[in-house]
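*Asks:* Sequence first, predicted coordinates after that:
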Amino acid sequence: MTAIECKDLWLSYGSASVIEGLSFSLESGKCLCIAGENGTGKSTLIKALLGLKEASRGEIVFFGGEKKHGIGYLPQRSDAQSDFPASVWEVVLSGKLNNGRRLPFYTKKDKEEAEKKLELLDIFRLKDKSFAELSGGQQQRVLLARALCAATQLILLDEPVAGLDPTATSEFYKIIHRLKDEGITVIMVSHDIHCALAVADKLLILRNDGYSFTDAAPHEHDHEGGCKI
Ligand SMILES: Nc1ncnc2c1ncn2[C@@H]1O[C@H](COP(=O)(O)OP(=O)(O)OP(=O)(O)O)[C@@H](O)[C@H]1O
Ligand SMILES: [Mg+2]
């Protein structure tokens, strides 16, 4: 099944055009890596996929026209509110609000799943801490746990490994493999192409004057300084 289909998509801010005539499609359960230089529109595209940014032309079809649900989102670090006044537990659990529910009411299952994500990202001991008092990398892990709580169909990750230490980075890529095994579609912006290609099926490179959309080349392990996934 096709998870996402982008048809002749144009995105702009006022008269400044950012993305022109972008078309691609991604099968469900696959991983797309989006790369490209600063300012080429990667975060703007992620926001359009989330429905936070309207297209000036073209369209994005989500799971054959289904209503959007079950989407996890990790914003780029500069976009995330680092002084958010809530505990780690509240931030992670709030990922469960995503599933079309309005009331801040959580089931026992929601709480069990949120606890599992805390363990998965090795932040269980931070559960009762204030989010605002964590280090940047710890906050990144908390926001990733939150996105994982929300993602039952699709996860959108904007520079997920920025700020993570090497151990957390390699754990992160293992988590992506697991998500794919569970049939969750993954879209990830990354400058760390070398490592991202180890998990990606497709590669979208945005440029100022266009884009390329290709199969991700098979990953070749190098022995020095390569990523250990
Ligand atoms: N809210 C906004 N209002 C006006 N222009 C914006 C806005 N957000 C982004 N832009 C512009 O759109 C272009 C693309 O920005 P975007 O953040 O999508 O780039 P990016 O590829 O994610 O870059 P980076 O690698 O630095 O994160 C940039 O020229 C930027 O200045
Ligand atoms: Mg960006």
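*Replies:* Ah, there it is. Ligands and ions are numbered 1, 2, ... in the order given.
*Asks:* Every contact and neighbour count from this point should use C-alpha atoms.
*Replies:* Noted.
*Asks:* S28 against T185, yeah?
*Replies:* Yes - using C-alpha atoms under 8 Å, S28 is in contact with T185, at 5.2 Å.
*Asks:* Touching both of the two, which residues are there?
*Replies:* Common contacts of S28 and T185 (C-alpha atoms under 8 Å, 6 or more residues apart in numbering): A3.
*Asks:* Give me the more crowded residue out of these two.
*Replies:* Neighbours were counted for S28 and for T185 using other C-alpha atoms under 10 Å; T185 has more, 26 against 18.
*Asks:* Quick check: bridge partners of the more buried one?
*Replies:* Legend: beta-bridge partners of T185 under DSSP bridges are L154.
*Asks:* these two touch, right, it and G29?
*Replies:* Yes - with contacts counted by C-alpha under 8 Å, T185 reaches G29, the gap being 4.2 Å.
*Asks:* Look at R178 and say how many residues are nearby.
*Replies:* Neighbour count of R178, defined by other C-alpha under 10 Å: 12.
*Asks:* I'd guess it is in a helix, am I close?
*Replies:* Yes - assessed by DSSP: H, G, I helix; E, B strand; the rest coil, R178 belongs to a helix.
*Asks:* now it: how far from V199?
*Replies:* 10 Å (C-alpha to C-alpha, to the nearest Å).
*Asks:* now this protein, which segments are flagged as low pLDDT?
*Replies:* Along the chain, segments meeting pLDDT under 70 span 98-104, 218-229.
*Asks:* if you set the cut-off to 80 instead, what comes out?
*Replies:* Residue ranges of the chain with pLDDT under 80: 78-82, 98-105, 195, 217-229.
*Asks:* and the gap between A168 and D122?
*Replies:* Counting by C-alpha to C-alpha, the gap from A168 to D122 is 9 Å.
*Asks:* what does G64 give?
*Replies:* Per C-alpha to C-alpha, G64 is found 36 Å from D122.
*Asks:* between these two, which one's more packed in?
*Replies:* Higher neighbour count among G64 and D122: D122, with 16 against 12, using other C-alpha under 10 Å.
*Asks:* Doesn't that one lie inside a helix?
*Replies:* No - counting by three-state DSSP, D122 is not found in a helix; it is coil.
*Asks:* E171 versus that one, what's the distance?
*Replies:* Counting by C-alpha to C-alpha, the gap from D122 to E171 is 10 Å.
*Asks:* Give the full set of residues in contact with L157.
*Replies:* When contacts are counted by C-alpha under 8 Å, 6+ apart, L157 touches 73-76, 186-189.
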